[in-house]
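Novice: structure for this input, please:
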Amino acid sequence: MLTITALGVSYGGLRALVDLSIEVGEGEFVTLVGPNGAGKTTLLKAISGTAAATGSIVYRGRDIGALRASERAALGIAHVPEGRRVFPSLTVGDNLELGSYRRAARAGRARALAEVLGLFPVLKTRRDQLAGSLSGGEQQMLALGRGLMAQPDLLLLDEPSQGLGPRIVEQIFETIDRIRRERRLTILLVEQRVVEALELCDRGYVLETGRVVLAGPRDALLADSRVQRAYLGA
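Specialist: Okay, the predicted model is just below:
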């Protein structure tokens, strides 16, 4: 589905990504892990078109590197950014409705809304409440629900556990796993909670200083001594 080759991104002369190459197959769940500043968020921004990049980004056989972010979204790529980024002065319902702006998603808006409210019942009870008044966990559910309203084929998730308590984090991860199993949605996840993230995925990549330093299936990465030393405290 997604093939990235020799990707490079620079900010003010500093290289955030260097000659980076990854692949994500149709229906796969792939996780990106690594320390802060490794380039994980930048990679998702490059894919969704919110960061300028060199190299090749091929989505379903088409090079999308020259497309605007809105054009990439129209192709079925949904990006749920870090920090949730909900529209605080709009209601929960309005935030969700905005997620279905993609033309291909409009016809199924009512069905998608019912599915999202089924996944996150608390959003149903908060539907007429301003998004800015929600708790952090509820805002994360809203951000994820808004991404699902686009009925995407590729879902980019950036740090969904950021700033949340353990109970809410567990709920968020359980919901992501449920979405993946029920919809066979292709997911590319960036996450600091390495164990939880790797346990969910099919394959993973470890990034450091803008480069891929390790890649492999979930079990192989969890058993790798370098991953255990650096991220699992072994």
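Novice: got the phi/psi numbers for Ile172?
Specialist: The phi/psi pair for Ile172 (degrees, to the nearest 10) reads phi -60, psi -50.
Novice: how much space between it and Leu200?
Specialist: 11 Å (C-beta to C-beta, to the nearest Å). All C-beta spots, glycine's among them, are computed from the backbone N, C-alpha and C.
Novice: run a quick neighbour tally on the closest residue to Asp177 other than its chain neighbours.
Specialist: Using C-beta to C-beta, 6 or more residues apart in numbering and skipping residues adjacent in sequence, the residue nearest Asp177 is Leu200, 5.6 Å away. Counted with other C-beta atoms under 10 Å, the neighbours of Leu200 add up to 20.
Novice: Leu200 and Glu97, how far apart?
Specialist: Using C-beta to C-beta, one gets 29 Å for the distance from Leu200 to Glu97.
Novice: excluding chain neighbours, what is closest to Pro160?
Specialist: Leaving aside its sequence neighbours, Pro160 sits nearest to Ile172 (C-beta to C-beta, 6+ apart; 5.3 Å).
Novice: which ones are touching the one you found?
Specialist: If a contact means C-beta atoms under 8 Å, 6 or more residues apart in numbering, then Ile172 has Gly137, Gln140, Met141, Leu144, Pro160, Ser161, Leu164 as its contacts.
Novice: quick check, the last one in a helix?
Specialist: No. Under the criterion used here (DSSP: H, G, I helix; E, B strand; the rest coil), Leu164 is coil, not part of a helix.
Novice: which pLDDT value goes with it?
Specialist: Turning to Leu164, the model gives it a pLDDT of 87.
Novice: ok, the residue found closest to Leu2 once you drop the neighbours it is linked to in the chain to Leu142 distance?
Specialist: Counting by C-beta to C-beta, 6+ apart, Val24 is the residue found nearest to Leu2 once chain neighbours are left out, at 4.2 Å. Distance, Val24 to Leu142, using C-beta to C-beta: 25 Å.
Novice: contacts only, for the closest residue to Gly65 other than its chain neighbours.
Specialist: Among residues not flanking Gly65 along the chain, Ile57 sits closest, at 5.0 Å (C-beta to C-beta, 6+ apart). Contact analysis of Ile57 by C-beta under 8 Å, 6+ apart lists Leu2, Thr3, Ile4, Leu7, Ala46, Ile47, Asp63, Ile64, Gly65.
Novice: pLDDT below threshold where in this protein?
Specialist: Applying pLDDT under 70 to the chain flags residues 233-234.
Novice: just the buried members of the contacts of Ile57?
Specialist: Among the contacts of Ile57, the ones that count as buried by 16 or more other C-beta atoms under 10 Å are Leu2, Thr3, Ile4, Leu7, Ala46, Ile47, Ile64, Gly65.
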